[in-house]
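J.: for reference, the sequence and a predicted model appear below.
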There are 2 protein chains.
Amino acid sequence: MKNNIKNLRAKHDLTQDKLAELLNVSRQTIISLEKERYNPSIILAFELARIFNCRIEEIFIYQEE
Amino acid sequence: MKNNIKNLRAKHDLTQDKLAELLNVSRQTIISLEKERYNPSIILAFELARIFNCRIEEIFIYQEE
DNA sequence: CCAGAAAGTAAAGTAAACTTAACTTTACGT
DNA sequence: ACGTAAAGTTAAGTTTACTTTACTTTCTGG
């Protein structure tokens, strides 16, 4: 699962810290998501879509393996 | 998080067992999702959208609390 | 160059998603 | 009424998302 959180975050002029705060998650979570160390829960995905004002599919690129 | 997996599954004429098989998850997972006992991973959400041939937002209704 | 902010790493712990298994209940055709 | 398929329950175990803390590295402005 690829994502472009880092780009979107930059576009919205947010630090990892600020984004974490908006999402009510830890900064660690943002770092790990950006580094694609794990996949978000669907709730986090929805929240990200809300904050970035776009669709989940625009943030996360699902490639079936 | 609400979802209409049960309806969509019926529409596609699938048993819980068959859907579980298509998704490579256990039947328990389908039951629990339909009963909204927990939320799916984003991967499962994508897979469901693929199988039901619709958008994630058409399956899962996110209500921020 | 250096201070501070932002980004990253590592590790140990908690919470929630998902599995496995064994059993019960409901719906439905014969 | 009975058999069987589908749906549901419970519980214990594994995996993975997410937290917390403490520390290091990179980036940027003065």
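T.: That came in fine, so what should we check first? Note that the structure is predicted; figures quoted are calculated from it, not measured.
J.: can you give me the strands for chain A?
T.: Assigned by DSSP state E, chain A shows strands spanning A:2-3, A:60-61.
J.: list the contacts of the last one.
T.: The one in question is strand A:60-61. Residues outside strand A:60-61 that contact it (C-beta atoms under 8 Å, 6 or more residues apart in numbering or on different chains) are A:M1, A:K2, A:N3, A:N4, A:N39, A:P40, A:A45, B:I42, B:F46. Heads up, the C-betas are built off the backbone N, CA and C, glycines and all.
J.: rewinding a little: take the strands of chain A and write them to CSV, including mean pLDDT.
T.: What follows is those, written out as CSV (pLDDT from 0 to 100):
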stretch, mean pLDDT
strand A:2-3, 95
strand A:60-61, 96
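J.: out of these, which comes closest to DNA strand C?
T.: Nearest of the strands of chain A to DNA strand C, taken as C-beta to the nearest atom of the strand: strand A:2-3 at 13.0 Å.
J.: and that closest one, what does it pack onto?
T.: Counting contacts by 3 or more C-beta pairs under 8 Å, 6 or more residues apart in numbering or on different chains; DSSP states H and E, strand A:2-3 is packed against strand A:60-61.
J.: is DNA strand D within reach of the strand it packs on?
T.: No. Strand A:60-61 lies out of reach of DNA strand D by C-beta under 7 Å from any atom of the strand, never closer than 11.4 Å.
J.: for that strand, which strands pair with it and how are they oriented?
T.: The pairing partners recorded for strand A:60-61 under DSSP bridges are strand A:2-3 (antiparallel).
J.: can you name the residues in contact with the partner strand?
T.: Applying C-beta under 8 Å, 6+ apart, the set of residues contacting strand A:2-3 is A:L33, A:E34, A:E36, A:I59, A:F60, A:I61, A:Q63.
J.: do stretch A:42-50 as well
T.: Residues outside stretch A:42-50 that contact it (C-beta under 8 Å, 6+ apart): A:5, A:8, A:23, A:25, A:29, A:33, A:40, A:55-56, A:58-60, B:1, B:39-42, B:44-45, B:56, B:60, B:62, B:64.
J.: would you mind checking the residues you listed for buried ones?
T.: With burial judged by 16 or more other C-beta atoms under 10 Å in any protein chain shown, the buried subset of those is A:5, A:8, A:23, A:25, A:29, A:33, A:40, A:56, A:59-60, B:1, B:39-42, B:44-45, B:56, B:60, B:62.
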